[in-house]
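Student: build the 3D model from these lines:
(chains A, B, C and D)
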Protein chains: 2
Amino acid sequence: MSPRKSAHDELTKEAIISVARNLFVQEGYAAASMRKIADTLQCSHGAIYYHFKNKAHLFYEIIEADFQKLDQVLDSVLRESAENNEHKLFSIFYRYIQFGLTHQKHYELMFLIHDDDVKGYLNEGPNKSYLHFAQAVNSLAPKSLSIKDIWSVFLSLHGFVTHYCRTETTFEEVKELASSHAQFLIKATC
Amino acid sequence: MSPRKSAHDELTKEAIISVARNLFVQEGYAAASMRKIADTLQCSHGAIYYHFKNKAHLFYEIIEADFQKLDQVLDSVLRESAENNEHKLFSIFYRYIQFGLTHQKHYELMFLIHDDDVKGYLNEGPNKSYLHFAQAVNSLAPKSLSIKDIWSVFLSLHGFVTHYCRTETTFEEVKELASSHAQFLIKATC
DNA sequence: CTTTCTTATTGAACGCTGGTCAATAAGATT
DNA sequence: AATCTTATTGACCAGCGTTCAATAAGAAAG
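Tutor: Purely as a prediction, here's the structure:
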């Protein structure tokens, strides 16, 4: 009825993001409709468009924060103490997979989404995350690795995560496989 | 107007598949709508549902044939003469990437689609294709490889193709990278 | 040839989607 | 108190996949 809410329950970007993130993670990008988000927020779907240009842009703001989380995971591994660099390298690989599979929907949204509307926005995020990863790998590799080899490692980890995202397998179910895949990649880098 | 076409231009499953395949490849699964397919066929969109249960099923029948094409690619490599098994192994890896990137939309549809409707159908296709791949690799590997290692190789190739599918890069643009990725994986299998 | 039966097609309808926008009321400013 | 800015609504649009009663073309039977 009333075309504006009273001050104490006005819509905020933060409230929208919080609800939208949950829905995106639970249902994926396509199935999380603007109307569902609005229903959960108890507002009209039109109102969201006052705060965000469109669905893709709302999504973009959410996903950018997730890339930072991945960066933090890699950083924490680098700071951890370990027997030697090879163990740390293994940890980087293993934890990358763990991140991807324990945040499958996020990962999908971050690296696999194919929506044309979204693609335009997502360029820096994945790139910055990769650079972070590459630096970590380079600093830990036993011998100096070529840029191409680091890229191959990344794509190989990406393939693992991608596959088990599609089949919606939990990390627990494939942690042994994850470990052997990480070991496989260590082999190639030595 | 007329609720049935004259005999010489009745709709056939083959005609629908032919048009639908083109549209799926050109525009992807989501964007290729039943109405667009019907328009191209110059029939009503309802008519397609007489021949196919739904969009996912139409898609399924198309994609099953594509998996067979990938099998053929692998077979032809196995039959080719080569200096040694390592060269053949390299060829398998390289040609797998080539197949994926020269049929990007097919590959996406085959291995990356996340549509819930479709997922139910697609189980045997990718599995059979992988078994074919695994057998080929196993028969060519210099030393006996573990099942896990072959799986790692596959996932690593899959990651390469997946990434460049998402960025819509042509095979030509990354053939050197494809070559070095294949070489990287050879390293890990020896 | 006529009637009956099967088969293939149409197009309206349903409920959903992302997105736009005039109307409007709450809060801030003058 | 009057004006201005801001945030919200909900009707509306074009498109989607899917269903289905109505219907005409072709085949089969009498």
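
Student: and for A:Y130, the neighbour number?
Tutor: The tally of other residues near A:Y130 (other C-beta atoms under 10 Å in any protein chain shown) stands at 17. (Each C-beta comes from the backbone N, C-alpha and C, glycine too.)

Student: wait, what's in contact with it?
Tutor: By C-beta atoms under 8 Å, 6 or more residues apart in numbering or on different chains, the contact list for A:Y130 reads A:F154.

Student: check A:F24 too.
Tutor: A:F24 sits in contact with A:32, A:59, A:62, A:105, A:109, where contact means C-beta under 8 Å, 6+ apart.

Student: I'd say the last one and A:L58 touch.
Tutor: No: between A:L109 and A:L58 no contact is recorded; they are 11.8 Å apart, counting by C-beta atoms under 8 Å.

Student: can you list the domain ranges for chain A.
Tutor: A:1-52, A:63-188 (automatic domain parsing).

Student: from these, which stretch is densest packed?
Tutor: For those, the largest average neighbour count (mean count of other C-beta atoms under 10 Å in any protein chain shown) is found in domain A:63-188, namely a mean of 18.

Student: is any residue of that domain near DNA strand D?
Tutor: No: Domain A:63-188 is not in contact with DNA strand D by C-beta under 7 Å from any atom of the strand; minimum separation 13.8 Å.

Student: first to last residue in that domain, what's the distance?
Tutor: 32 Å (C-alpha to C-alpha, to the nearest Å).

Student: tell me how far that domain lies from the chain's centre.
Tutor: 10 Å (C-alpha atoms, centre = their mean, to the nearest Å).

Student: quick one: mean pLDDT for it?
Tutor: If you average the pLDDT over domain A:63-188, you get 87.

Student: tell me which of the contacts of A:F24 fall in strands.
Tutor: Among these, no member is found in strands (DSSP state E).

Student: closest one to DNA strand D out of these, please.
Tutor: A:A32 (15.3 Å; C-beta to the nearest atom of the strand).

Student: the closest residue in space to the closest one that isn't next to it in sequence sits in which helix or strand?
Tutor: Leaving aside its sequence neighbours, A:A32 sits nearest to A:L23 (C-beta to C-beta, 6 or more residues apart in numbering or on different chains; 4.0 Å). Using DSSP states H and E, the element containing A:L23 is helix A:13-31.

Student: where along chain A do the helices fall?
Tutor: A:13-31, A:34-41, A:45-51, A:55-79, A:85-102, A:104-107, A:116-119, A:124-140, A:147-166, A:175-188 (DSSP state H).

Student: the fifth one to helix A:124-140, inter-axis angle?
Tutor: Think helix A:85-102. On the basis of axes from the mean of the first three to the mean of the last three C-alpha atoms, to 10 degrees, helix A:85-102 is oriented at 160 degrees to helix A:124-140.

Student: repeat that for the first one.
Tutor: Here the directions of helix A:13-31 and helix A:124-140 differ by 90 degrees (the same axes, to 10 degrees).

Student: quick one: mean pLDDT over helix A:13-31.
Tutor: The average pLDDT within helix A:13-31 is 94.

Student: redo the domains of chain A as JSON lines? Include distance to B:Y94.
Tutor: Shown next, in JSON lines, are the domains of chain A (distance: least, C-beta to C-beta, whole Å):
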{"stretch": "domain A:1-52", "distance to B:Y94": "33"}
{"stretch": "domain A:63-188", "distance to B:Y94": "13"}
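
Student: picking up where we left off before, give me the subset of the contacts of A:F24 touching DNA strand C.
Tutor: A:A32.

Student: end to end, how far does stretch A:24-40 reach?
Tutor: Start-to-end, stretch A:24-40 (C-alpha to C-alpha) is 13 Å.

Student: distance between that stretch and the chain's centre?
Tutor: For stretch A:24-40, the distance to the chain centre is 18 Å (C-alpha atoms, centre = their mean).

Student: contacts only, for whichever residue of chain A sits closest to DNA strand D.
Tutor: Among all residues of chain A, A:G46 sits closest to DNA strand D, at 2.1 Å; criterion: C-beta to the nearest atom of the strand. With contacts taken as C-beta under 8 Å, 6+ apart, A:G46 has no neighbouring residues.

Student: how close does the closest residue to A:H106 other than its chain neighbours get to A:F111?
Tutor: Excluding the flanking residues, the one nearest A:H106 by C-beta to C-beta, 6+ apart is A:D66, at 4.8 Å. Going from A:D66 to A:F111 by C-beta to C-beta, to the nearest Å gives 10 Å.

Student: please apply the same query to A:K187.
Tutor: Relative to A:F111, and taking C-beta to C-beta, A:K187 is found at 25 Å.

Student: I'm done for today, thanks for sticking with me.
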